[in-house]
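In: 3D model of this:
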Amino acid sequence: MSKSKRLNVSSGGAYESVFGYSRAVRLADDIHVSGTCAPADYEHSDAYTQAKAVFDIIERALKEAGATTEDVVRTVVYLRDIDDAEGVAKAHLERFDKVRPASTLIQVTSMLRPWQRVEIEAYAKLT
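Out: Numbering: from 1, shown residues only. Next comes the predicted model:
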């Protein structure tokens with residue numbers, strides 16, 4: 001991939017065209033993955049299960065952009081309920097135990113859908 005060429009990655013989610021965004025964007029060696037929530041079929045799932053689904057979506061976007069979870073340098077985790085931190089942290093550790101990206105966890109008052117418990121952003125750097 002050319003250093004200056006931009007690659008937009010779509011996951012086919014309904015809100016991508018409504019809001020005008022991409023699931024991920026690669027520019028040169030930098031990949032930014034948008035805030036990602038679990039799909040609607042996870043409506044009745046706990047935060048751990050939703051986080052695992054989110055990481056699956058992020059991993060697919062990274063792959064399409066030419067990266068893996070080993071290239072992730074930063075994550076930002078948004079929780080609706082801080083009591084979900086333990087479950088989400090467990091899912092994060094399962095994906096990033098050896099990588100150990102910089103990470104921030106933030107509690108928010110709400111998400112787009114009331115059943116959504118977690119939203120995660122990821123940033124990767126190819127070396």
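
In: may I ask you to name the longest helix in the protein?
Out: In the chain, taking DSSP state H as the definition, the longest helix is helix 47-64.

In: list the buried ones in the next helix or strand after that one?
Out: For helix 47-64, the following helix or strand on the C-terminal side (DSSP states H and E) is strand 72-79. Within strand 72-79, the residues that count as buried by 16 or more other CB atoms under 10 Å are Val72, Val73, Thr75, Val77, Tyr78, Leu79. Bear in mind the C-beta positions are built from the backbone N, C-alpha and C, glycine included.

In: quick check: the fifth one vs His92, distance?
Out: For Tyr78, the distance to His92 equals 13 Å [CB to CB, to the nearest Å].

In: any idea which of the buried residues of strand 72-79 is the one closest to Ser17?
Out: Nearest to Ser17 among the buried residues of strand 72-79 is Tyr78, at 22.5 Å by CB to CB.

In: mind listing what that closest one touches?
Out: Taking CB atoms under 8 Å, 6 or more residues apart in numbering, we find Tyr78 in contact with Gly35, Ile106, Gln107, Val108, Met111, Val118, Glu119, Ile120.

In: output the lowest mean pLDDT helix or strand found in the chain.
Out: Within the chain, judged by mean pLDDT, DSSP states H and E, the helix or strand with the poorest mean is helix 14-19; its value is a mean of 79.

In: show residues contacting that one.
Out: Ser10, Tyr21, Ser22, Arg23, Leu112.

In: which of these tops the neighbour count?
Out: Highest neighbour count within these, by other CB atoms under 10 Å: Arg23, with 23 neighbours.

In: now that one: how far from Leu79?
Out: Counting by CB to CB - Arg23 and Leu79 are separated by 21 Å.

In: low-scoring stretches of the protein, by residue?
Out: Across the chain, the ranges flagged by pLDDT under 70 are 1-4.

In: just to revisit the earlier point, and of the contacts of helix 14-19, the nearest to Lys52?
Out: Among the contacts of helix 14-19, Arg23 lies closest to Lys52 (CB to CB), at 17.3 Å.
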